[in-house]
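Undergrad: My questions are about this predicted structure, shown below with the sequence.
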Amino acid sequence: MTSHTLILDEVRLALGGRTLMEIDAVIGPGEVLTVMGPSGAGKSTLLAMIAGFLDPAFEARGRVWLGAREITALPAETRGIGLLFQDPLLFPHLTVAGNLRFGMPRGVKHRTACIEQALDEVGLAGFGPRDPATLSGGQQARIALLRLLLSEPAAALLDEPFSRLDRQLRHEVRQLVFDRLRRAGLPSLLVTHDHEDAENAGGPVITLG
Ligand SMILES: Nc1ncnc2c1ncn2[C@@H]1O[C@H](COP(=O)(O)OP(=O)(O)OP(=O)(O)O)[C@@H](O)[C@H]1O
């Protein structure tokens, strides 16, 4: 995995001619920028713009860079962005291992061993053949994180990824997520309403109006 900086260069999102949000930010490798703000401020829309699936109803200005590569107009699948949502969104027709194998880049050798090691590192050794529906919420959240990491993205976007977890689990999963994103050297953007999430992310916080 190559470490990059994610740059939001004077990004502005508007709807029907009305400015929804403006942001200018540089997120270094392993850093988590937290974006907070009231419901409807445009947080999820910003993530959609960066990831490449912005609804055409919005007008977007500005540029997005990953290192020296401008990704503003690239197709979503070529941007190298990993996503974590509130819902782990595991494929129900695949096993846990199948879910993890899904996003792995071509050319990765020893896939099965990689998957087994990744599961072991998050305390889920032997879970590869399991049906994702048989996993608890916290276990599913760990698998969603591993799927993101094994896809070897250049940056990560997180949209309220812990909000479905109860307090204790939320604490454990977010430590794991932030630790792993940092270790992977990924620039990450977290959208949350939770001040503890922002504090634990340990990076700068931008609050939209
Ligand atoms: N496809 C769309 N077409 C038109 N308006 C939309 C569309 N998607 C979202 N909106 C509007 O754009 C605004 C921003 O929505 P967005 O989901 O980005 O807000 P948010 O800050 O993520 O809110 P929340 O914290 O509730 O998730 C809202 O007013 C929403 O109603």
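TA: Noted; the coordinates are in hand. It should be emphasised that the depicted structure is a prediction, and the values quoted were computed from it without experimental measurement.
Undergrad: Now do the longest helix along the chain: which elements does it pack against?
TA: Among all segments of the chain classified by DSSP state H, the helix with the greatest residue count is helix 167-183. With contacts defined as 3 or more CB pairs under 8 Å, 6 or more residues apart in numbering; DSSP states H and E, helix 167-183 has these neighbours: strand 32-36, helix 137-150, helix 195-201. Quick note: C-beta positions are derived from backbone N, CA and C, even for glycine.
Undergrad: For the very next helix or strand once past the second one, list the C-alpha coordinates in PDB.
TA: It refers to helix 137-150. As assigned by DSSP states H and E, the chain's next helix or strand after helix 137-150 is strand 155-159. Provided in PDB are the C-alpha atoms of strand 155-159 (Å, rounded to 0.1, in the frame of the first residue of the first chain):
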ATOM      1  CA  ALA A 155      -7.700   6.600   1.200                       C
ATOM      2  CA  ALA A 156     -10.700   5.700   3.400                       C
ATOM      3  CA  LEU A 157     -14.100   7.400   3.800                       C
ATOM      4  CA  LEU A 158     -16.200   6.600   6.900                       C
ATOM      5  CA  ASP A 159     -19.900   7.600   7.200                       C
END
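Undergrad: same for strand 155-159, what does it pack against?
TA: Using 3+ CB pairs under 8 Å, 6+ apart, strand 155-159 sits against helix 43-51, strand 81-85, strand 188-191.
Undergrad: which one of those lies closest to residue 151?
TA: Nearest to residue 151, of all the helices and strands packed on strand 155-159, is strand 81-85, at 5.7 Å by CB to CB.
Undergrad: does the ligand sit close to that closest one?
TA: No - Strand 81-85 is not in contact with the ligand by CB under 6 Å from any ligand atom; minimum separation 11.1 Å.
Undergrad: Contact residues of the protein facing the ligand?
TA: So the chain meets the ligand at 15, 20, 37, 39-45, 55, 57 (CB under 6 Å from any ligand atom).
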